[in-house]
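sequence first, predicted coordinates after that:
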Amino acid sequence: MNIEDFRNFCLSLPATHEEMPFDEQTLVFKVAGKMFALTDIDSFESITLKCEPEKAQELRARYASVMPGYHMHKKYWNTLRLDGSLQDEALRHWILHSYAQVVAGLPKKSGNRFLKAKPNLDVPEKKIRYMPISSDFTAYQAAYEMSEEERLQRAETYLAHLQKRRSLREFSDRPVARQLIAHIIKAAGTAPSGAHKQPWTFCAVSNPEIKRQIREAAEAEEYENYHGRMSESWLQDLQAFGTDWQKPFLEIAPWLIVVFRKIYDLDAEGQKHNNYYVSESVGLAAGFLLTAIHEAGLVALTHTPSPMNFLSKVLRRPANEKPFLLIPVGFPAKDAQVPALSRKPLDEICVFFE
Ligand SMILES: Cc1cc2nc3c(=O)[nH]c(=O)nc-3n(C[C@H](O)[C@H](O)[C@H](O)COP(=O)(O)O)c2cc1C
């Protein structure tokens, strides 16, 4: 383990940062402001780590290169001489142990705040995967100062803008630039997600042959839906929209954005890693996508020709991705019509507690 490996490993642990509070040689790693590892950067001959007292004694007895913590409380700290006798894996394990000791001693409040997804530090070190955190926190950049009047004005303007968004089922074949679609998808990717896992993939399809295949498969499913799979009451509810099993817009709209939710992640070695609140996260991203489409002066339809497994097949998506929504995007057809809907008033969708 060289000093860069040591540093990278320490900083890969949640809520860690480095500093040099004592002198210009001693590099200290802290979790939530508490020290868990230190070393001399000039020599990098040893590292000093916290250790559970009994284990600390045991390690000293077992390894000649483990000594009572230099300049530290000998009961809780060990200094490990890096003379090549200690394997990297063991060193990483003891760094983790030190980190876990410090985390365990944090006040509950700050422990929770910094380490919401507290790693299970009892499992063997190689099974633990940490999201690399290069720096601790960064200043929030987007606070807009404005008068209360302007704030209200902006909220009203935004509401009026969103009131105009509608689901379109009649599209023009007028092309839409790829770059515009890319920006819209990037906007969707700014949505919040459980543990920042960003569990989504957006497939943007303009290829006519792929659109044809999607239309064909969607219509096959929708035919079944409209001829037996949907309940009578569902069919009645849909009457207001004038929809049927035919979906020509899937070929006419210049782009189809197919949103997939990633039920788990796969790393380069093919290992599975959990995602959290996947449907909530992808639902939010889809909402951001729809507002970005509207903002760009385009229209879309939130479409769900269920079951949608055919989308995984046509687009050859991996097993961890499940189709979520099929969204044609483009310009409205000339004289396009939409159902005359009204939206629930505030008192039907909101309860204030003041
Ligand atoms: C999850 C979801 C699935 C939908 N599926 C379909 C669909 O398969 N076909 C369709 O024509 N509209 C579909 N819609 C569109 C709704 O009918 C539409 O959003 C609703 O009538 C309100 O109209 P608006 O979007 O113009 O405000 C879906 C909407 C949502 C949110």
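Right, received. Where do you want to start? Numbering: from 1, shown residues only.

what lies in contact with the helix or strand hosting Arg154?
Here Arg154, judged by DSSP states H and E, is contained in helix 148-163. Under the contact criterion C-beta atoms under 8 Å, 6 or more residues apart in numbering, helix 148-163 has outside partners Met146, Thr291, His294, Glu295, Arg343. Backbone N, C-alpha and C define where each C-beta goes, glycine included.

as CSV, could you dump the C-alpha coordinates of that helix?
In CSV, the C-alpha atoms belonging to helix 148-163 read as follows (Å, rounded to 0.1, in the frame of the first residue of the first chain):
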residue,chain,number,x,y,z
GLU,A,148,-41.4,38.2,-1.8
GLU,A,149,-43.4,39.8,-4.6
GLU,A,150,-41.1,38.5,-7.3
ARG,A,151,-41.1,35.1,-5.7
LEU,A,152,-44.9,34.9,-5.8
GLN,A,153,-44.9,36.2,-9.4
ARG,A,154,-42.5,33.5,-10.5
ALA,A,155,-44.5,30.8,-8.8
GLU,A,156,-47.6,32.0,-10.5
THR,A,157,-45.9,32.2,-13.9
TYR,A,158,-44.5,28.7,-13.5
LEU,A,159,-47.9,27.4,-12.5
ALA,A,160,-49.5,29.1,-15.6
HIS,A,161,-46.8,27.5,-17.7
LEU,A,162,-47.4,24.0,-16.3
GLN,A,163,-51.2,24.4,-16.6
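
rewinding a little: mind listing which of the contacts of helix 148-163 are in helices?
Using DSSP state H, the subset of the contacts of helix 148-163 located in helices is Thr291, His294, Glu295.

quick check: the residue nearest to Ser85 when sequence neighbours are not counted vs the ligand, distance?
With sequence-adjacent residues excluded and distances taken as C-beta to C-beta, 6 or more residues apart in numbering, Ser85 is closest to Ser65, at 5.0 Å. Ser65 is 61 Å from the ligand, where distance means C-beta to the nearest ligand atom, to the nearest Å.

who's in contact with Ser65?
Leu80, Arg81, Leu82, Asp83, Ser85, Leu86.

spell out which parts of the stretch 51-200 of the chain neighbour the ligand.
By C-beta under 6 Å from any ligand atom, the residues of the stretch 51-200 of the chain that approach the ligand are Arg166, Ser167, Arg169.

filter those down to the buried ones.
Using 16 or more other C-beta atoms under 10 Å as the burial test, those include Arg169 as buried.

possible to save the residues of the stretch 51-200 of the chain next to the ligand as a markdown table with pLDDT and secondary structure?
Shown next, in a markdown table, are those (pLDDT from 0 to 100; DSSP: H, G, I helix; E, B strand; the rest coil):
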| residue | pLDDT | secondary structure |
| --- | --- | --- |
| Arg166 | 98 | coil |
| Ser167 | 98 | strand |
| Arg169 | 97 | coil |
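
isn't Ala331 right next to Arg174, touching?
Careful, residue 331 is Phe and not Ala. Yes. Look at Phe331 against Arg174 with C-beta atoms under 8 Å: they come within range, at 4.5 Å.

quick one, helices of the stretch 151-300 of the chain?
Along the stretch 151-300 of the chain, counting by DSSP state H, counting those that start in this stretch, helices occupy 178-188, 208-224, 232-238, 249-252, 278-295.

weakest of those helices by average pLDDT?
Mean pLDDT values for these show the minimum at helix 232-238, a mean of 93.

that helix near the ligand at all?
No. Against the ligand, helix 232-238 shows no contacts by C-beta under 6 Å from any ligand atom, the least distance being 8.0 Å.

from the middle of its chain, how far away would that helix be?
36 Å (C-alpha atoms, centre = their mean, to the nearest Å).
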